[in-house]
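Asker: using only what follows, build the 3D model:
(3 chains)
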Amino acid sequence: MLKRHFREFSVLGVLLCVLALMGVFAPDFFAPQPLLSRLTAAAPKLVVACGIAVVMVGRQIDISVGSLFAVCSVVCGLVAAAKLPLPLAVASAVAAGAIGGALNGALVAGLRLPSIVVTLATMVTLREGLRLAQQGVFIDLPDGLQWIGLPMIGGQYLVCGIAITVLVAMAAVMRHLAIGRAVHAVGSDAEAARLAGIRPRLVTFGVFVLTGALTGLAAVMNVVQSPQVDPNTGRMLELEAIAAAVVGGVAVSGGRGNLGGVLVGFLLLACITPALTYIGVKPYWDKAIQGTVILLAVVADGLRNRKNGR
Amino acid sequence: MFRSFALFLCLGFVLLTGCSKSGPDTGASPSGGTPAGKRLTIAFMPKSKGNGYFVSCKQGADQAAKDLGAELIFDGPVSPDPAKQNEIIENWITLGVDVIAVACENKDGISTALKRAKDKGIKVVTFDSDAEPAARDFFVNQATPEGIGNALMDEAARLCGGTGEFAIITASLTAQNMIEWQKYIEARRMAKHPGMKMVALRPCDDLKDKAQAEATTLLGAYPDLKLLMNICSPAVPGAAEAVKQAGKAGKVKVIGLGLPNENRRYLKDGTTDTVILWKTVDLGYLTVQAAAALAKGELKAGATSFKGGKLGEFRIVGDNILLGEPFKFTKENIDQFDF
Amino acid sequence: MLLRHETVLLAVLVVELVFFGVAGRNFGTADNIANIVRHSVEIGLLALVMMPVVLAGGIDLSVGSTLGLCAVLFGKLWRDGGLPWEVAAVATLGIGAAAGGTNALLITALRLPPLIVTLGTYSLFRGLAEAITRGTDAFTRFPPSFLFLGTGRVAGIPAQAWIFALVAAAMWLLVHRTTFGRSWRAIGFAPEGARYAGLPVGRRLAFAHVLAGIVAALAAITYTARFGTAKADAGTGYELAAITAVVLGGTSIFGGVGSVHGTLLGVAAIAVLGNGLSRVPATMSNAGELSGLLTGMLLVLALAGGAVPKWFAERRPR
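Answerer: Presented below is the predicted three-dimensional model:
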């Protein structure tokens, strides 16, 4: 167990160290209500990271999720602002995400184009298209949309609950269902998977659609947290999600990774910036520390691989 | 393969050198005056595109261009690259525009490009944030960095009763104009409000959602915080929402530079106390009017007043055209504004 | 028969030049061509050294941050260190080499994936630049002899274009005429195969990353000379622009296939598009957005152009 999941446990160790330090130097860090608020604000990122992790297990990558997140947020906002029913707003955001994902998937799986290039192209195209259409003007949402009409605490538990449900469901699917195994198989060796009766291109297409739909869901989870939609939202989200996945042990080369690791990686990266604020570190150290943590997490793995002579 | 490479290099150099004889045929006339009958081309640059603040400036600019029958080009950086403004200005120089109006992101960096424009006979007006005085003809002054800094700090001290902790949320640590505002905020604090203490400065990447998250963290990390000062426009509603959700509305004050529409609900429910801004639509309108008058030779150095189209007379002090004092939007007056 | 990627791209570039030459205002003037060149030197330099990294099957997301770090340290050495700018510039190249060397060490000695390593250093280098300047310090008022590099002309051609041409020629020779180029190609095509064939895979990869660092430092110098100011945000987002140019230029992101002249064409196609759109009356107010949008589409089309015939060929009954 420890040997097989060395990376996940080493990241968990770093996370626990950070938390322990916070417990000593800034116990306020764990005050329940602010903690819940911070987790709720970060929860959509976890959902996106889950999608990214599945894409990476299938040996692809998707850097368009940040732009897609903004598009889905605006779609959700516009539908809601048009006084259409709430479920329709949610459904249209998820559908917009799925369509965006399907576009990526069709280009990657259908035409066998490299995913990093395809999603680089959709990233700029969606972002600039949205800027042309919306010009950065905020969308005011109707009153009932925030927290889906629930009291705030209820809404926060709901958002966090959805994130955890998505994580657990994806973990179960990836581990126990044939389709999850198929993603692993395609990521490890597409040709072997094909010979074993799996249709690799269909799997790849499906993975992109899923990531798109999860991005749409994440957008809704973010939109309900405030009464306005900022169309510039989601900038750099792709890098944060990829960082969470790789720190959590998902291999860029495909075939390896589990969602428990993604959770740990996500928590570690999500708590660093607030932790620095709590202990009063100047903001100009943020990026350097963030980068160092990412490197440390992977260097531990690299040193071990080297020792094992792999 | 070598042949294709050599061909490509040759092509490049031919393009570079060969075209030098075919000079511009519709460029700006070097004297600065524009021949009667030719449509005036005004190039208008925001600090960045996709920003609600500059979209409202553009409304006024479009209106003014329509009133004047001039051609308006509205373009600016879409990426956070500070050198991008220079590139666009250099492109406008060779495009042959008559006058450039620009809100400067980086005072030192942009001035070299603006000076080059002036050397080519193109008139230059700055608005929103100034360049070096030598690099432009007039500055449409809605507020100086000093004026903004003083107004924010005085308002903060007034709301806190002169003592207490406050934190600043900015767009990015490297945004030049915000660095300048912070400088004046700090100078004012030292001089006039020593009881106030700035405990933290956090960047929000000019994103509302990130500002909300940063404000939530600040509220938790600094329980004695009395005020959040937000110096980029998406941060004001973001911080207000965080304060509201933390149940600290009224206990932690929220002020900042922002747009009325984005802050209306928070001003009305009392979460946000004061939003400081100027009439951005008028700023865009006046800037384009001034730019046009300058290009036509109607506005000259040394003038003491300027008639800005339908907006009437504006005072000129030195080479600053004064839009008027920054305006404070509060619960009481917010309903009179829609932008 | 499939057309060569570079030929298609050259055709795209010619179409752009002709279209903007006709529809654009003052597009074909010498001053404007000089502008296009001056504005694309930094991204062009980064693309030129990104190319071998990608050719060898890797990627470098940190070049933009390396540019920012080097710009700031160059300013620091010149202003605070009191060095003449020439000396500071040489030292900066060394700093760039060290930054590239950090990537190289992590990637080759620890066998870590380049995407993750450079994602980490992307954050780290930018973070160091911000930490050194506290985000706020800007270096400016450089001597005219230095600014000449970014604003002056030599024999009618922008000064930095000569630097760029020199680097481009050197890179072309290195990639297409030496064993280095061949080994990068081999490593990208089949890393294990290259190892078994006796190539020093680690050293060759390390060389590509160190080279990327040095040239990113050079780009930091031309950037500072052109803009006149060095700040921690210099070069933000340039890594993606460089990768876009490399891939548009026909280098396979999986490695093994690619050419330097293709990369140059990619840089030129993107630069001309952006400049041209700001000169056509119908698009001049949306040039920023449209050039991003159309570059994205062009990228997909360029790749799909090669893939669609293959797609049909696979479906032809055999």
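Asker: quick one: the helices in chain B?
Answerer: B:2-18, B:52-68, B:84-95, B:107-119, B:145-160, B:176-192, B:208-221, B:235-245, B:260-268, B:280-296 (DSSP state H).
Asker: pLDDT score assigned to residue A:143?
Answerer: Listed pLDDT for residue A:143 reads 87.
Asker: which residue, other than its chain neighbours, is closest to it?
Answerer: Sequence neighbours aside, residue A:227 is the residue nearest to residue A:143 in space, at 7.6 Å (criterion: CB to CB, 6 or more residues apart in numbering or on different chains). For every residue, glycine as well, the C-beta is placed using N, CA and C.
Asker: give the contact list for that neighbour.
Answerer: Residue A:227 makes contacts with A:140-141, A:143, A:145-146, B:241, B:265, as judged by CB atoms under 8 Å, 6 or more residues apart in numbering or on different chains.
Asker: recalculate using a threshold of 7 Å.
Answerer: Residues in contact with residue A:227, defined by CB atoms under 7 Å, 6 or more residues apart in numbering or on different chains, are A:141, A:146, B:265.
Asker: enumerate every residue touching the second one.
Answerer: When contacts are counted by CB under 7 Å, 6+ apart, residue A:146 is found next to A:224, A:226-227.
Asker: mind running it again at 8 Å?
Answerer: By CB under 8 Å, 6+ apart, the contact set of residue A:146 is A:155, A:224-227.
Asker: next, find the distance separating it from residue A:158.
Answerer: Taking CB to CB, to the nearest Å as the measure, residue A:146 falls 12 Å from residue A:158.
Asker: likewise the first one?
Answerer: With distances defined as CB to CB, the gap from residue A:141 to residue A:158 amounts to 17 Å.
Asker: show me which of these two is the more surrounded one.
Answerer: For residue A:141 and residue A:158, the more surrounded residue by other CB atoms under 10 Å in any protein chain shown is residue A:141, and the numbers stand at 20 against 17.
Asker: the helices of chain B: lowest mean pLDDT?
Answerer: helix B:2-18 (a mean of 52).
Asker: grab the nearest non-local neighbour of residue B:68.
Answerer: Excluding the flanking residues, the one nearest residue B:68 by CB to CB, 6+ apart is residue B:292, at 5.0 Å.
Asker: what do you get for residue B:184?
Answerer: In space, residue B:184 comes closest to residue B:149 once its chain neighbours are excluded; the distance is 2.7 Å by CB to CB, 6+ apart.
Asker: double-check the one you found against residue B:181; I have them as touching.
Answerer: Yes. Applying CB atoms under 8 Å, one finds residue B:149 in contact with residue B:181, separated by 5.2 Å.
Asker: which bits of the stretch 201-339 of chain B sit near chain A?
Answerer: Residues of the stretch 201-339 of chain B lying near chain A by CB under 8 Å from any CB of the partner chain: B:201-203, B:205-209, B:212-214, B:216-221, B:223, B:234, B:237-238, B:241-242, B:245-246, B:261-262, B:265.
Asker: please spell out the ChimeraX selection for the buried subset of these.
Answerer: The ChimeraX command for the buried members of these (criterion: 16 or more other CB atoms under 10 Å in any protein chain shown) is given here:
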select /B:201,202,203,205,206,207,208,209,212,213,214,216,217,218,219,220,221,234,237,238,241,242,245,246,261,262,265
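Asker: could you point out which element follows the helix or strand hosting residue A:118?
Answerer: Per DSSP states H and E: residue A:118 is located in helix A:115-134. The helix or strand immediately downstream of helix A:115-134 is strand A:139-140, counting by DSSP H and E.
Asker: just checking, what packs against the helix or strand following that next one?
Answerer: Next helix or strand after strand A:139-140 toward the C-terminus (DSSP H and E): helix A:152-176. Here helix A:152-176 touches helix A:32-57, helix A:178-188, helix A:200-223, helix A:259-278, going by 3 or more CB pairs under 8 Å, 6 or more residues apart in numbering or on different chains; DSSP states H and E.
Asker: in helix A:152-176, what's buried?
Answerer: So helix A:152-176, judged by 16+ other CB under 10 Å, has buried residues A:152, A:155-156, A:158-160, A:162-163, A:166-167, A:170-171, A:173-174.
Asker: I'd like these as a markdown table, with pLDDT appended.
Answerer: Shown next, in a markdown table, are the buried residues of helix A:152-176 (pLDDT from 0 to 100):
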| residue | pLDDT |
| --- | --- |
| A:152 | 94 |
| A:155 | 96 |
| A:156 | 96 |
| A:158 | 97 |
| A:159 | 97 |
| A:160 | 97 |
| A:162 | 97 |
| A:163 | 97 |
| A:166 | 97 |
| A:167 | 97 |
| A:170 | 96 |
| A:171 | 95 |
| A:173 | 95 |
| A:174 | 94 |
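Asker: which of the helices of chain B sits most buried?
Answerer: For the helices of chain B, the largest average neighbour count (mean count of other CB atoms under 10 Å in any protein chain shown) is found in helix B:235-245, namely a mean of 29.
Asker: gap between the residue nearest to residue B:105 when sequence neighbours are not counted and residue C:273?
Answerer: Among residues not flanking residue B:105 along the chain, residue B:47 sits closest, at 4.8 Å (CB to CB, 6+ apart). Plainly put, residue B:47 is 24 Å away from residue C:273 if you go by CB to CB.
Asker: do residue A:31 as well
Answerer: Taken as CB to CB, the span from residue A:31 to residue C:273 is 52 Å.
Asker: neighbour count winner among the two?
Answerer: Legend: neighbour count by other CB under 10 Å for residue A:31 and residue C:273, higher for residue C:273 (21 against 12).
Asker: sticking with the more buried one, tell me its helix or strand.
Answerer: Following DSSP H and E, one finds residue C:273 within helix C:260-277.
Asker: any part of that helix near chain B?
Answerer: Yes. Judged by CB under 8 Å from any CB, helix C:260-277 comes into contact with chain B at C:260-261, C:264-265, C:268, C:275.
Asker: alright, that wraps it up for me.
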